[in-house]
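>>> sequence? don't have it. structure:
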């Protein structure tokens, strides 16, 4: 697995043996092409929930984001992400204004309890396929009710096509829904009053 494009193009990503279900390159390319087209990634603060390999958040950094927080509950996976982020900091493409860190915690707990100085412009959510629709909706609700997501930002949620579509939280709307093989990708944006 590698970073697809951008300043870290080709950088290998270490993957845990069997704990994660990495996003396919096809799905990742489609998701990020859409984000690139909106311009939301330029200089963005990005939150990657259920980090797994950190691939989604690192792809966002590679494509212009400045700040990344990856949240991962698995200790071994969190260590691998930390190792990858350390390697990126030594990459010649790393810029002084950039920052990236790993938070070893459950995504649900982070969304319900975290205190941030500024909201994130992009939130990437790739939960295990067993994560229920009700849990997704609760997670989305916590993120938006606690102002962890900027009103001009986007939430991108990846799920199995066999699961129900999670409803948008209050004040937000689904602005894009696409299927890529076994994966459904939903984009949520703030509904301006």
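That came through fine. Since this is a predicted model, take the numbers as computed values, not measurements.
>>> only C-alpha atoms for contact and neighbour calcs from this point on.
Will do.
>>> and the contacts of the helix or strand containing residue 175?
Element membership for residue 175, per DSSP states H and E: strand 172-180. For strand 172-180, contacts defined as C-alpha atoms under 8 Å, 6 or more residues apart in numbering pick out 26-27, 161, 167-168, 184-191.
>>> in strands only, show me those residues.
If you go by DSSP state E, these have 184, 185, 186, 187, 188, 189, 190 in strands.
>>> next one: the fifth one from residue 47, what distance?
Residue 188 sits at a distance of 14 Å from residue 47 (criterion: C-alpha to C-alpha, to the nearest Å).
>>> between the two, which one's more packed in?
residue 47 (26 against 21; other C-alpha atoms under 10 Å).
>>> beta partners for the more buried one?
residue 69, residue 123 (DSSP bridges).
>>> mind checking how far it is from residue 187?
14 Å.
>>> go on, residue 76?
Taking C-alpha to C-alpha, one finds residue 76 at 29 Å from residue 187.
>>> for the two, indicate the residue with more neighbours.
The neighbour comparison of residue 76 against residue 187 (other C-alpha under 10 Å) goes to residue 187, with 21 against 16.
>>> mind checking pLDDT for residue 193?
We have a pLDDT of 56 for residue 193.
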